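S.K.: everything below, folded, please.
(2 chains)
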Amino acid sequence: MKSLAELQAIRDKTRNQVILRENNDNAIRVLVGMATCGIAAGARPVLAALVDEVAKRGLANVTVTQTGCIGICQFEPVIEVVAPGQEKVTYVHMTPEKAVRVVNNHLVNGNVVTEYTIGADSK
Amino acid sequence: MREISLNVMDIAQNSISAGANRITISVNEDSKTGCMTITVSDNGCGMTAGQVANATDPFFTTRTTRKVGLGVPLFKMEAEMTGGAFEIKSEKGIGTTVTANFMVSHVDMIPLGDINSTVLLLVTCNQDRDFIFHHSIDSREFTLDTRELRSALGDEVALNSPDVVEWIKSYLDEQTQLIKEETFR
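M.R.: This is a model prediction of the structure:
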């Protein structure tokens, strides 16, 4: 059984690691469109895959958050990657599998997965 | 929507947009009456009586990006399709409560789906807000309250740190299993 006591153990264990997250200049933000259109198109499994993969790889500089409808409902599920000093990248028609690839190639190694971007999709 | 739990996520997003910092989601299943009641209530900015009256109209929205707002009307339709009911109560400056009743045995009933995934994502992606999730089946129930988690974790450890996410996930699965199992005994 999971108990609150276990959380206290986690607290003691992770206390030291957390300070790293606070002052980070190369923070990357990943926004997932979670309005009615996004959710209906399958954004929840995409968001779950992102949160999972980022946690699995321990990417302390990455924050995954939700955003509303950004107005391109026909391209949902949509995710945006915002990194300092770089142009915003918009990925469209995402799936959990594609999301994992974006984490690995883009967030970890810095290579934009061009074939999933809105530019490539509208051609 | 393929799952009611996706609607719950959608409705909870409205609470987030309303600036709520405490959102309560409850799912109550009653096998005797065959009724499932879902409530999402928040302490957000609330709505005026006029806005409440219009909220279920797909062509009414306070957003300026476009002219339609489908989240609430869809949820209402799905509840009423099963012979259930739908209600919004709201007071400006105090908050909003959305309640939907579903008759689960109806042929048009959409499955609840993965409600735990909805709760987990809402909790881990909205660090600055508190969520209270309550799930009951007849007399068995459990609650996840992020305020309790926070007090156990202290200020330094975030609710989205990997170990905590894992804990919440297992907790939800375990508790759901417990309240479901008894039903078939």
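S.K.: any idea how many residues pack against the residue nearest to A:Cys37 when sequence neighbours are not counted?
M.R.: Nearest residue to A:Cys37, sequence neighbours excluded (C-beta to C-beta, 6 or more residues apart in numbering or on different chains): A:Cys73, at 3.9 Å. Bear in mind the C-beta positions are built from the backbone N, C-alpha and C, glycine included. Neighbour count for A:Cys73, taken as other C-beta atoms under 10 Å in any protein chain shown: 16.
S.K.: wait, what's in contact with A:Cys73?
M.R.: Going by C-beta atoms under 8 Å, 6 or more residues apart in numbering or on different chains, A:Cys73 touches A:37-38, A:41.
S.K.: list the buried residues of the helix ranked longest in chain B.
M.R.: Scanning chain B for the helix with the most residues, using DSSP state H, yields helix B:162-181. By neighbour count on 16 or more other C-beta atoms under 10 Å in any protein chain shown, the buried set for helix B:162-181 is B:162-165, B:167-169, B:171-172, B:175, B:179.
S.K.: how about that helix and chain A, touching?
M.R.: Yes. Interface with chain A: helix B:162-181 contributes B:162-167, B:170-171, B:174 (C-beta under 8 Å from any C-beta of the partner chain).
S.K.: can you give me the strands for chain B?
M.R.: Secondary structure of chain B (DSSP state E): strands located at B:22-30, B:35-42, B:86-91, B:95-103, B:130-137, B:140-145.
S.K.: could I get these as TSV with distance to B:Asn7, mean neighbour count and mean pLDDT?
M.R.: Output for the strands of chain B, formatted as TSV (distance: least, C-beta to C-beta, whole Å; neighbours: other C-beta atoms under 10 Å in any protein chain shown; pLDDT from 0 to 100):
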stretch	distance to B:Asn7	mean neighbour count	mean pLDDT
strand B:22-30	11	20	96
strand B:35-42	8	21	96
strand B:86-91	11	17	94
strand B:95-103	8	21	95
strand B:130-137	15	20	96
strand B:140-145	19	16	94
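S.K.: could you dump these to a markdown table with distance to B:Val123?
M.R.: Listed next are these as a markdown table, based on distance: least, C-beta to C-beta, whole Å:
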| stretch | distance to B:Val123 |
| --- | --- |
| strand B:22-30 | 10 |
| strand B:35-42 | 14 |
| strand B:86-91 | 24 |
| strand B:95-103 | 19 |
| strand B:130-137 | 5 |
| strand B:140-145 | 8 |
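S.K.: now tabulate the ones you listed in JSON lines and tack on distance to chain A.
M.R.: Listed next are those as JSON lines, based on distance: least, C-beta to the nearest C-beta, whole Å:
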{"stretch": "strand B:22-30", "distance to chain A": "13"}
{"stretch": "strand B:35-42", "distance to chain A": "14"}
{"stretch": "strand B:86-91", "distance to chain A": "16"}
{"stretch": "strand B:95-103", "distance to chain A": "14"}
{"stretch": "strand B:130-137", "distance to chain A": "13"}
{"stretch": "strand B:140-145", "distance to chain A": "10"}
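S.K.: B:Val119 is nearest to which of these?
M.R.: Of all the strands of chain B, strand B:130-137 sits nearest to B:Val119, with 4.7 Å by C-beta to C-beta.
S.K.: on that earlier part again, who does the longest helix of chain B touch, helix- and strand-wise?
M.R.: Under the contact definition 3 or more C-beta pairs under 8 Å, 6 or more residues apart in numbering or on different chains; DSSP states H and E, helix B:162-181 sits against helix A:4-22, helix A:43-56, helix B:115-125, strand B:130-137, strand B:140-145, helix B:146-153.
S.K.: quick check: mean pLDDT of the second one?
M.R.: Averaged over helix A:43-56, pLDDT sits at 91.
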